[in-house]
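Q: Sequence unavailable; structure follows:
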């Protein structure tokens, strides 16, 4: 780096001392080592996966010519090699993340390959969901023994696929309640990442994979009271949004904060969807029997998630004034009340449209106060989408519709021009 080349001149000029120069060298050396280590981890994992796939392809090419005993030997061989490599990484390379992650990746896929090969060799019956479940259960100890974040990520992806295969894609479908216990089993590792490596890439990946997994699998709870899932999903988006605005996550870069992005976009998309009256008409046509509703999995999920979101909202707002609370933060509470109103009265759709308009205006105000073009344009986009939806949903004349579009377009231009001009003045 150029600054390191300039150090002798800076010392000679008396700007810094030799001790300070050594500290600067040490600092940049450690930064350089970190970047190299990250590349080593990535290529180590990639190399392990490619080697494993290559071995499988070589065996597959000659598989029919092998005897059953030979096939069994080769079926267990990747598993044995993977365990030996993991043992070596633990005993001899315990301080090397690259070694531990790459050997764990190899063992993860070796387990899946061994299970499938043994099943094929001995014609053991089974279906895809049971295969994935056994695979993930066998791989769970690797997460903690090897402290492997790669295995943790693929474990979460695997149990998500298991839940989808069980409840979405199989007929007749089955409940996938076991998924929630399997997900809980992975959270201690996530907490360790939060404590020890809060800014690592693995932490960022977990911040996206975990909420996406929960969003995908929540729909598996749908049974006879599917309308109640609107409340469950909205509360879940609110819960994610509030997690994303806690001090730890709020300080992270936007791309690292999957909770806040998924929560905010999810709530806005649901509100826009519910700004059409057709959804509310279907909601009012459904007959609700109290004895059946209170034991329905959709109702239980909605209550539990709403309570969790309420607890998170308490943590979020306890040290904030009303003016500092973001407009989307309490929306899950407002929506829960509106949802109950919408079951009996038709004006709930008007309230939803007013909420969307209010969120857009307040978001624009927050963007202006924070001098943040992204937040400002997000608020303008919310209003623009609402206007487009009403363009197709109302009987207004084309002149009025055209004027609304002109006003929204002018709003984008004026707001951005004003913000940029304000920045130049401040500079």
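A: Yes, it's here. Just so it is clear, the structure is predicted and the values come from calculations on it, not from any experiment. Residues are numbered from 1 along each chain as shown.
Q: Run a quick neighbour tally on residue 242.
A: Residues near residue 242, counting by other Cβ atoms under 10 Å, number 28. In this view, the C-beta of every residue, glycine as well, is placed from N, C-alpha and C.
Q: any idea what sits nearest it, other than its immediate chain neighbours?
A: Nearest residue to residue 242, sequence neighbours excluded (Cβ to Cβ, 6 or more residues apart in numbering): residue 312, at 4.1 Å.
Q: where does that neighbour fall, helix, sheet strand or coil?
A: Following DSSP: H, G, I helix; E, B strand; the rest coil, residue 312 is assigned to helix.
Q: wouldn't it be in contact with residue 236 here?
A: No. Between residue 312 and residue 236 there is no contact under Cβ atoms under 8 Å: 11.1 Å.
Q: And those two? Which one has more around it.
A: Ranked by neighbour count (other Cβ under 10 Å), residue 312 and residue 236 place residue 236 first, with 26 against 20.
Q: can you list residues touching both of residue 312 and residue 236?
A: Shared contacts of residue 312 and residue 236, defined by Cβ atoms under 8 Å, 6 or more residues apart in numbering, are absent.
Q: And residue 322, how far from residue 330?
A: 10 Å (Cβ to Cβ, to the nearest Å).
Q: Neighbour count: the two, which is higher?
A: Neighbours were counted for residue 322 and for residue 330 using other Cβ under 10 Å; residue 330 has more, 17 against 6.
Q: List the contacts of that one.
A: With contacts defined as Cβ under 8 Å, 6+ apart, residue 330 is in contact with residue 313.
Q: 10 Å instead, please
A: 238, 242, 309, 310, 313, 316, 317 (Cβ atoms under 10 Å, 6 or more residues apart in numbering).
Q: again, but for residue 367
A: Counting by Cβ under 10 Å, 6+ apart, residue 367 makes contact with 373, 374, 375, 376, 377, 378, 379, 380, 415, 419.
Q: try 6 Å this time
A: Applying Cβ atoms under 6 Å, 6 or more residues apart in numbering to residue 367 gives the contacts 375, 376, 379.
Q: and the residues you listed, which are buried?
A: Buried members of those, counted by 16 or more other Cβ atoms under 10 Å: 375, 376, 379.
Q: ok, so of those, who is nearest residue 356?
A: Nearest to residue 356 among the buried ones among the contacts of residue 367 is residue 379, at 10.8 Å by Cβ to Cβ.
Q: Would you check that that closest one makes contact with residue 360?
A: Yes. Contact criterion Cβ atoms under 6 Å: residue 379 and residue 360 qualify, at 4.9 Å.
Q: quick one: contacts of stretch 246-263?
A: Contact with stretch 246-263 is made by 204, 207, 208, 211, 237, 240, 241, 243, 244, as judged by Cβ under 6 Å, 6+ apart.
Q: Can you name the two of those that sit furthest apart?
A: Largest separation among the contacts of stretch 246-263 by Cβ to Cβ: 204 and 237, giving 20.2 Å.
Q: who touches residue 242 in this structure?
A: Residue 242 touches 312, 313, 316, counting by Cβ under 6 Å, 6+ apart.
Q: Please repeat the previous calculation with a cut-off of 10 Å.
A: By Cβ under 10 Å, 6+ apart, the contact set of residue 242 is 249, 259-260, 263, 308-317, 326, 328-330, 332.
Q: Where does the prediction get shaky in the stretch 51-200 of the chain?
A: 51-66, 171-173 (pLDDT under 70).
Q: could you pull out the strands for it?
A: Counting by DSSP state E, counting those that start in this stretch, the stretch 51-200 of the chain forms no strands at all.
Q: ok so, going back, looking at the contacts of residue 330, which has the most residues close by?
A: Neighbour counts for those (other Cβ under 10 Å) peak at residue 238, which has 30 neighbours.
Q: in terms of contact, does that one touch residue 268 like I think?
A: No. When contacts are counted by Cβ atoms under 10 Å, residue 238 is not listed as touching residue 268 (11.7 Å).
Q: anything in contact with each of those two?
A: The contact sets of residue 238 and residue 268 overlap at 328, 331 (Cβ under 10 Å, 6+ apart).
Q: So residue 252, which state does it fall into?
A: State at residue 252, reduced to three classes by three-state DSSP: coil.
Q: Tell me, how many residues neighbour it?
A: Residues contacting residue 252 under the criterion other Cβ under 10 Å number 18.
Q: Quick one: neighbours of residue 67, just the number.
A: 8.
Q: just residue 254 next, same as before
A: 10.
Q: now the one 4 residues further on
A: Here the number of neighbours of residue 258 (other Cβ under 10 Å) works out to 23.
Q: Skip the chain neighbours and tell me the closest residue to it.
A: Closest residue to residue 258 apart from its sequence neighbours, by Cβ to Cβ, 6+ apart: residue 208 at 3.7 Å.
Q: and the one you found, how many neighbours?
A: 17.
Q: That one and residue 244: what is the separation?
A: For residue 208 relative to residue 244 (Cβ to Cβ), the value is 11 Å.
Q: Filter the contacts of residue 242 down to just the ones in helices.
A: Those of the contacts of residue 242 mapping onto helices are 249, 259-260, 263, 308-317, 332, per DSSP state H.
Q: tell me the phi and psi of residue 146?
A: As for residue 146, its main-chain torsions (degrees, to the nearest 10) stand at phi -90, psi -10.
Q: who are the neighbours in contact with the closest residue to residue 317 other than its chain neighbours?
A: Distance criterion Cβ to Cβ, 6+ apart; nearest residue to residue 317, sequence neighbours excluded, is residue 325 at 5.5 Å. Residue 325 makes contact with 245, 313, 316, 317, according to Cβ under 10 Å, 6+ apart.
Q: If we only consider the residues you listed, which is nearest to residue 365?
A: Nearest to residue 365 among the contacts of residue 325: residue 245, at 17.1 Å, using Cβ to Cβ.
Q: What pLDDT is listed against the closest one?
A: Looking at residue 245, its pLDDT stands at 89.
Q: same thing with residue 413?
A: Looking at residue 413, its pLDDT is 64.
Q: wait, residue 381 sits on residue 268?
A: Yes. Counting by Cβ under 10 Å, residue 381 does reach residue 268; the two are 8.9 Å apart.
Q: So which of these two has more stuff around it?
A: Between residue 381 and residue 268, counted using other Cβ under 10 Å, the more crowded position is residue 268 (22 against 15).
Q: Specify the next element, helix or strand, located C-terminal of the helix or strand harbouring that one.
A: Per DSSP states H and E, residue 268 falls inside helix 258-273. Counting by DSSP H and E, the next helix or strand C-terminal to helix 258-273 is helix 277-285.
Q: Checking the spatially most central residue of the chain next. Helix, strand or coil?
A: Among the residues of the chain, the one closest to the centroid is residue 208, at 2.4 Å (Cα atoms, centre = their mean). At residue 208 the chain is in helix, as set by three-state DSSP.
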